[in-house]
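Participant: pasting a predicted model and its sequence here:
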Amino acid sequence: MKRNRKIKILATLGPASANEEMIEKLFVAGADVFRINMSHAGHDLMRNLVRIIRNIEARHGRPIGILADLQGPKLRVGAFRNGREELTIGQKFTLDDNQEPGDRNRVFLPHPEILESVKPGERLYIDDGKLQLVAEKCDGHSIECKVLAGTVISDRKGVSLPDTVLNVGAMTPKDHEDLRAVLKEDIDWIALSFIQRPEDIEEARQITGDKVAILAKIEKPQAVKRIREIIKVTDAVMVARGDLGVEVPLEDVPGIQIDIIHACRKAGKPVVVATQMLESMIGSPVPTRAEVSDVANAIFQGADTIMLSAESAAGQYPVEAVATMDKIACKIEREANYPRLIHAGQAEPEATEADAVSLAARQIAETLNLPAIVAFTRSGSTGVRISRERPEKRILALSPLVETARRLALVWGIHSVVTDDVRDISAMIGHACSIAHDEGFAGEGKKIIITAGVPFGRSGTTNMLRIAAVDEYRKKA
């Protein structure tokens, strides 16, 4: 099954899409990667979803990526004596460590890390910013605030801290428990929620090793400020616009999205754009014009993957949402302006053999009008580097490791195939030509360009280019 687009689609699974028949329909409609949200999925459900996806993968003979999204720290106020309270703008309101039910003047905050970290002048947003406070007095046990905007607070509403760096990691005890369960399954990516700094990635890496790849969700302004440091230590990034739009001004989000996409492309790290892309399709079989434009902008900007959340997890039209996103992507990538816009964000290659070879492969394929670039890749890094160049030609990534092929399902332009390992150049070329032909990338009389690393079997050694005639080498294979 070969997609007719280069950008990838990530679909979230949920109540509307938790059975095998529906998941298969989503895959056929265009989903390349499936997201399991550990905020809502227990371990038994997670294991069942993985089993279903791997069954579908086996039936269709195509690698499918799976991403487990860890919940991260959920910061909430305590309960109120009356369930909710009406406040007035300008009044004093205190968050403290007193476990008594709250009233119009105070409420329990069961997070000592917040009480210890917030400083005067820093803002606190309650209930997705519907209530906005500013800290005036802090003593480690209570935060006396002034109400800036909003007039209602109620039980266990979420707390956002746009100005405060908490002195705790991004992983909670629940995340550690979930991660231990995830690492026992055939899952390819984990997503870390509400990270603030690169050290949050390193904390998770010490647990995961190379068992899964790590995706950093950018939801906090603290992470935006250190985005380039975070990109260096993570395997991929998600622009999680929902929570990000709570803690930064909404008008800043589009610019942040462009900056993160550009920084990820420069670093050669996959980037996902997420949240409310086709939000109206939760209850409607068609999207709004604005949503179509939003999806199109992410494609024009060069994102690797676009994501559906509630649209595929809980909406009334999950298959239609995936099919619509696929249809939009296919159309946009064929627009006359697409090559110009996609290359406007092109980053200069780094002074490495891998980058030089990847750039040369793109230029040769486009100059000679070759139908495909074939990359032998053990770790996936060769495929990612070629994808970074955003070539006009298709990328066929061949790997002996199914884990690598599945991870590459998140990466722009890559069609992955699991194949036997190769030990010499002749076998490499024969494999490349046969698979390019069989997968529909290069027909009779065509040539392809092949990249690999010598010596074979060693990761990170991309240093070779070959042009091969498909007919000639298929006969030798």
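Facilitator: Everything's here; your move. Residues are numbered from 1 along each chain as shown.

Participant: all contacts plus neighbour counts: C-alpha atoms, from now on.
Facilitator: Will do.

Participant: now do the strands in the stretch 51-200 of the chain.
Facilitator: 65-69, 84-86, 92-96, 106-108, 123-126, 131-138, 142-149, 152-154, 159-160, 189-192 (DSSP state E, counting those that start in this stretch).

Participant: name the stretch among these that sits most buried.
Facilitator: Each of those was scored by mean neighbour count; the highest is strand 65-69, a mean of 26, by mean count of other Cα atoms under 10 Å.

Participant: how far out from the middle of the chain is it?
Facilitator: 9 Å (Cα atoms, centre = their mean, to the nearest Å).

Participant: name every strand pairing with that strand and say which way it goes.
Facilitator: When pairing is defined by DSSP bridges, strand 65-69 lines up against strand 33-37 (parallel), strand 189-192 (parallel).

Participant: now the shortest one: average pLDDT?
Facilitator: Just to be clear, that refers to strand 189-192. Mean pLDDT, computed over strand 189-192, is 98.

Participant: for stretch 409-420, same thing?
Facilitator: Across stretch 409-420, pLDDT averages out at 96.

Participant: of the strands of the stretch 51-200 of the chain, which is nearest Lys211?
Facilitator: Comparison of the strands of the stretch 51-200 of the chain against Lys211 by Cα to Cα identifies strand 189-192 as nearest, at 9.0 Å.

Participant: just how off-centre is the closest one within its chain?
Facilitator: With Cα atoms, centre = their mean, you get 8 Å for strand 189-192.

Participant: could the C-alpha coordinates of that strand be exported in CSV?
Facilitator: Output of strand 189-192 as CSV, limited to C-alpha atoms (Å, rounded to 0.1, in the frame of the first residue of the first chain):
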residue,chain,number,x,y,z
TRP,A,189,7.4,6.0,20.0
ILE,A,190,6.6,7.6,23.3
ALA,A,191,5.4,11.2,23.7
LEU,A,192,6.4,13.2,26.8
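
Participant: neighbouring contacts of that strand?
Facilitator: Strand 189-192 is contacted by residues 65-72, 170-171, 201, 212-217, 407 when judged by Cα atoms under 8 Å, 6 or more residues apart in numbering.

Participant: so which of the strands paired with strand 65-69 is nearest Phe80?
Facilitator: Going by Cα to Cα, the one of the strands paired with strand 65-69 nearest Phe80 is strand 33-37, 29.4 Å.

Participant: residues in contact with that closest one?
Facilitator: 8-14, 46, 64-71, 409-410.

Participant: could you rerun that using 7 Å?
Facilitator: Applying Cα atoms under 7 Å, 6 or more residues apart in numbering, the external contacts of strand 33-37 come out as 9-13, 46, 64-70, 409-410.

Participant: tell me the one of these nearest Ile328?
Facilitator: Nearest to Ile328 among the contacts of strand 33-37, with distances taken as Cα to Cα, is Ile9, at 11.3 Å.

Participant: and that closest one, how far is that from Met325?
Facilitator: The gap separating Ile9 from Met325 is 8 Å, by Cα to Cα, to the nearest Å.

Participant: repeat for Asn337
Facilitator: On the measure of Cα to Cα, Asn337 and Met325 end up 19 Å apart.

Participant: how about His40?
Facilitator: As judged by Cα to Cα, His40 and Met325 stand 24 Å apart.

Participant: of the two, which one has the most company?
Facilitator: Using other Cα atoms under 10 Å, the more surrounded residue of His40 and Met325 is Met325, with 26 against 14.
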